[in-house]
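In: I'll drop the sequence and a predicted model, then ask my questions.
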Amino acid sequence: MNQKFVTVFGSSIPRPGDEEYETAYRLGKKLAETGLHVCSGGFQGIMDAVSKGATENGSEAVGVTLNIYNATPSKYLTKEIRTQSLADRLNNLIEIGDAYVVLQGGTGTLVELAIVWEYFNKNMISIKPFACHNTMWKQIVAIMEMQIKRENRKAGLIQSFDDIDKLADFIINSLTAN
């Protein structure tokens, strides 16, 4: 079987025990249980949690780190790709992903969501499964979808979920259907 990777975007802030951390851990675990691997920004928080969930359940966890951050990579990475610029980091995260997931995050995560979405709309990459989790992203996506429809661009490219298990099922079913 071809190795498939799910790139997960999210905050470096959550710590073990925090709801957002445990949600990301559950996602990594569920993806791994179906043979999918994960890719993330490679540091702490959500990136660490999804990597931990994946590697503890037999999958790979690739981290695309950026050398300008004075941060410690996740100890759960099976491979680290070190980059020198944010553009290189983003390009690697996007290229590695066969699907994308946006979890809890701030402006950095917003940039990641927006770049993938824009690449889809400008036909710069092929459209792949793309899902976000939580109320904040659901609201942002809904607002942007109204504008996208006004501009007659491709709507419906991002699925929004409140339940991480339903999000995982969407990604798994999308990637294993082929």
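Out: Cool, got the structure. In this text the structure is predicted, and so the values were computed from the model without any measurement.

In: Please, which helix or strand holds V8?
Out: Using DSSP states H and E, the element containing V8 is strand 5-9.

In: How far off centre is that strand?
Out: In this view, strand 5-9 has its centroid 4 Å away from the chain centroid, taken as C-alpha atoms, centre = their mean, to the nearest Å.

In: what packs against the next helix or strand after it?
Out: Next helix or strand after strand 5-9 toward the C-terminus (DSSP H and E): helix 19-33. Using 3 or more C-beta pairs under 8 Å, 6 or more residues apart in numbering; DSSP states H and E, the elements in contact with helix 19-33 are strand 5-9, strand 37-40, helix 46-55, helix 164-176. In this view, the C-beta of every residue, glycine as well, is placed from N, C-alpha and C.

In: Going by contacts, tell me the helices and strands next to the longest one.
Out: Put plainly, it is helix 164-176. Using 3+ C-beta pairs under 8 Å, 6+ apart: helix 164-176 touches helix 19-33, strand 99-102, strand 130-133, strand 159-161.

In: Strand partners (parallel or antiparallel) of the third one?
Out: Looking at strand 130-133 with DSSP bridges, its paired strands and their directions are strand 99-102 (parallel), strand 159-161 (parallel).

In: residues contacting the residue positioned nearest the centre of the chain?
Out: For the chain, V8 is the residue whose C-alpha lies nearest the centre (C-alpha atoms, centre = their mean; 1.8 Å). Shown in contact with V8 (C-beta atoms under 8 Å, 6 or more residues apart in numbering): A24, L27, G28, V38, C39, S40, I46, M47, V50, Y100, V101, L103.
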